[in-house]
Structures are given as C-alpha cells and as structure tokens.
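Visitor: Could you look at this predicted model? Sequence included:
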Amino acid sequence: MRRRLFAAAALGGGLLAAAASYDYWPDGTPRSSSWPDAIPRNPLNRRPQAPWSSRKGPNSILLQVDWPDAFPLTAEHLSVIDKSDDAIFYSAPRYVMHIDAEASAALGRYYRTHVHKGSRVLDIASSWTSHFQEGSGKNKTDGHYAYVSAVGMNHAELSANPALHDFHVIDLNKSPAAQELTSLLAPYADASFDAVICSVSVDYLTQPLEVFREIERVLVPGGKAIMTWSNRMFPTKAIRAWREASEPERLLICGFYFHFAGGFDAPKGEDITAWEFGDMVQTIPRPAHLDPLYAVSAHKALQDKIEL
C-alpha cells in the first residue's frame, strides 16, 4: 500500500511539474515556459479567465456591471465550428420547435406582457413561428400587434409564419454589400418599430455589434429590444463564446452586445422560465426535464448622448 501511495505521489508530482512547464498566452495559445516578464504565468496550465466569466446568477449578472473599456470578444470568440455559408445550412426548412411546449408558452406570455398592444414588431432571425400567443399577429383574432415583420434565412419557413404581415430573407452574418443592401436591415426605415425581438437565435450572430446597431436604428426612441433563448442550439453554428460560457454567463455576453453597440439604456437580464401547473404559473426552480428560458432586454435611449 505504501509503495502505491509513493508511486501515486511521484506520478502526481511529475504531472504537476509537466503542467507547470507548459502554459498559455493570454489569448489561449499554448507556449513554452519562457514567458515575458510583462505577462503573468499560469502554472496550472489553465486558460486565462474569459471576459464573460462570472459567478452571478441570471437575475443579477447584469446588475452593476463593471463594463470593460472596449468590446471584449475577439474574432476567435465569435467564430463558429461550421464555417460554411449559412445559406447552405438553412436551405432546407425545419418545421420544428427549438424549445419545448412549456418554454414556448412562457415565451408567448412574456412577449404578450412586455410588447404592448398595438406595437409594430420586428422579429429578427425568425422562422415559421414567432412564439406569440393567440391574437398577437396578422392572422389572429384580435390583432394584438399592429404590424409584424421579420427577417430570416428560409423563405418557406417565413412564409409559414402566421404572425407575419411581411418578411425579408436576410443573412445577418453576411455583409450588407454581399447581399446588395446598404445595411443589414435596409428594408426598414429609421425609427419604424416599437419592439424588436429575437427568439432562440442570438447565439448564432457572428457580427453582433453590427446587428445591434441596426436594431437601435430601426427602433423608435424608448422602443424595446428583447433577446430570448434556452440552452438548446446548433453547436456547429453557435459562436465559440456562447458554447464555452455557462447559462448565466450568456446573459453577460448578450449584455456586451447592447452596451457596446451604443444607443441603449442599461440591459436587463432575467430567467423567465415558467410552466403551467393546473391554474397556476410556476417559476423557478423548474422540473429538470423542462427547457430553461432567459431574456436580455434594453430600451433605446430616449435621446442621443452628448459627447463632450
């Protein structure tokens, strides 16, 4: 037994020594043990702390944020595994729910509460459903929203969405010039929407600041942008930062988008998971088999900030 303990200790010491002699640069690139004096060593062979690292929960992670001086996500953070054209990936229509029925119902209730009746709504990265409750779109009974438009990747899916008055096929991950557009949301005029929503798709944006600046442009002053998602994704098309972050940390990543795009008030993050139990709507904690649901929202600033 003692020999085994000594052998294990020797092996552990050897592994620790090996780890101590091989480190990473701050960008995550493996390097030898010869570090410049200006860069702190990482003796346990761990990657440097990610810019979205946090121990806060989803309802507090966007409270009193100490924002960095510049947008902290690099091109590598925004990269995806499958670098093929998105038009190929989304060429075949997928008439499936990307969240379970309880999450979809909770999302419908959330939109009904947070997007006021009579609003003009833009649904970006949309598909065959906008997750609205009955009575919220074009072909519904009470026309809760005055006008609903959408942009998405698949013409057939968008055509099947009963909430839409109209739509445009636009790839939000491709440059406007490559699509013969002057901007990503070029079909829409400035200040033409009261609300912009994005359901279970913000994790796929590879140029988020450009998209969020366009969202700010098309919103009326005081208009609201709402990003919602669960923990499901197409992993090969989700950005690296999203794949590596914890569920609460993803709210901070989305908060970065609002903050550094400019023109928005402070973003608010929350866990909006809920499910129906009899006549009651229960909130977290949820049963383990149900999808979680998160939201980050922000209002367009009522007036432009004056730079001194």
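Guide: Nice, thanks for sending it over. These figures come from a predicted structure and were not determined experimentally.
Visitor: Quick test: name the residue nearest the centre of the chain.
Guide: Centroid-nearest residue in the chain, with CA atoms, centre = their mean: Val202, separated by 3.5 Å.
Visitor: What separates the first and last residues of stretch 64-71, distance-wise?
Guide: 17 Å (CA to CA, to the nearest Å).
Visitor: Report the buried residues of that stretch.
Guide: Val65, Phe71 (16 or more other CB atoms under 10 Å). Glycine gets a C-beta too; all of them are placed from N, C-alpha and C.
Visitor: Which parts of the stretch 151-300 of the chain are helices?
Guide: Secondary structure of the stretch 151-300 of the chain (DSSP state H, counting those that start in this stretch): helices located at 155-159, 208-218, 240-244, 247-261.
Visitor: which residues does Asn231 contact?
Guide: Listed by CB atoms under 8 Å, 6 or more residues apart in numbering, the contact set of Asn231 reads Glu247, Asp291, Pro292.
Visitor: switch to 6 Å and redo it
Guide: Residues in contact with Asn231 (CB atoms under 6 Å, 6 or more residues apart in numbering) are Glu247, Pro292.
Visitor: Relative to Ile99, how far out is it?
Guide: Computed as CB to CB, to the nearest Å, the Asn231 to Ile99 distance reads 9 Å.
Visitor: cool, and Glu210?
Guide: 26 Å.
Visitor: of those two, who's got more company?
Guide: Each of Glu210 and Ile99 has its neighbours counted (other CB atoms under 10 Å); Ile99 has more, 22 against 17.
Visitor: okay, the helices of the stretch 151-300 of the chain in TSV with distance to Ser130 next?
Guide: What follows is these, written out as TSV (distance: least, CB to CB, whole Å):
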stretch	distance to Ser130
helix 155-159	10
helix 208-218	16
helix 240-244	22
helix 247-261	19
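Visitor: Out of those helices, which is closest to Ser60?
Guide: Checking the helices of the stretch 151-300 of the chain against Ser60 by CB to CB gives helix 247-261 as the closest, at 8.6 Å.
Visitor: got the buried residues for the closest one?
Guide: Applying a neighbour-count criterion of 16+ other CB under 10 Å, one finds 248-261 buried in helix 247-261.
Visitor: likewise stretch 213-231?
Guide: 213-220, 223-230.
Visitor: any idea how far the closest residue to the residue nearest to the centre of the chain other than its chain neighbours lies from Ile215?
Guide: Spatial nearest neighbour of Val202, chain neighbours left out: Met227 (4.5 Å); criterion: CB to CB, 6 or more residues apart in numbering. Distance, Met227 to Ile215, by CB to CB: 9 Å.
Visitor: and if you look at Asp123?
Guide: 12 Å.
Visitor: Leu78 too?
Guide: On the measure of CB to CB, Leu78 and Ile215 end up 17 Å apart.
Visitor: likewise Gly118?
Guide: Taking CB to CB, one finds Gly118 at 20 Å from Ile215.
Visitor: Would you mind getting the angle between the longest strand seen in the chain and helix 247-261?
Guide: Determined from DSSP state E, the single longest strand within the chain is strand 219-229. If you take axes from the mean of the first three to the mean of the last three CA atoms, to 10 degrees, strand 219-229 sits at 160 degrees to helix 247-261.
Visitor: Grab the CA positions of strand 219-229 and hand them over as PDB.
Guide: Only the C-alpha atoms of strand 219-229 are listed here, as PDB (Å, rounded to 0.1, in the frame of the first residue of the first chain):
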ATOM      1  CA  LEU A 219     -36.400  51.300 -33.000                       C
ATOM      2  CA  VAL A 220     -38.300  54.400 -32.000                       C
ATOM      3  CA  PRO A 221     -36.700  56.200 -29.000                       C
ATOM      4  CA  GLY A 222     -37.800  54.300 -26.000                       C
ATOM      5  CA  GLY A 223     -38.500  51.200 -28.100                       C
ATOM      6  CA  LYS A 224     -37.600  47.800 -26.700                       C
ATOM      7  CA  ALA A 225     -35.300  45.100 -27.900                       C
ATOM      8  CA  ILE A 226     -35.700  41.600 -26.400                       C
ATOM      9  CA  MET A 227     -33.300  38.700 -26.900                       C
ATOM     10  CA  THR A 228     -34.500  35.300 -25.600                       C
ATOM     11  CA  TRP A 229     -33.000  31.800 -25.700                       C
END
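Visitor: Show me what it pairs with in its sheet, parallel or antiparallel.
Guide: strand 193-199 (parallel), strand 294-299 (antiparallel) (DSSP bridges).
Visitor: Quick check: which of the ones you listed is nearest to Pro72?
Guide: So among the strands paired with strand 219-229, strand 294-299 is nearest, using CB to CB, at 16.2 Å.
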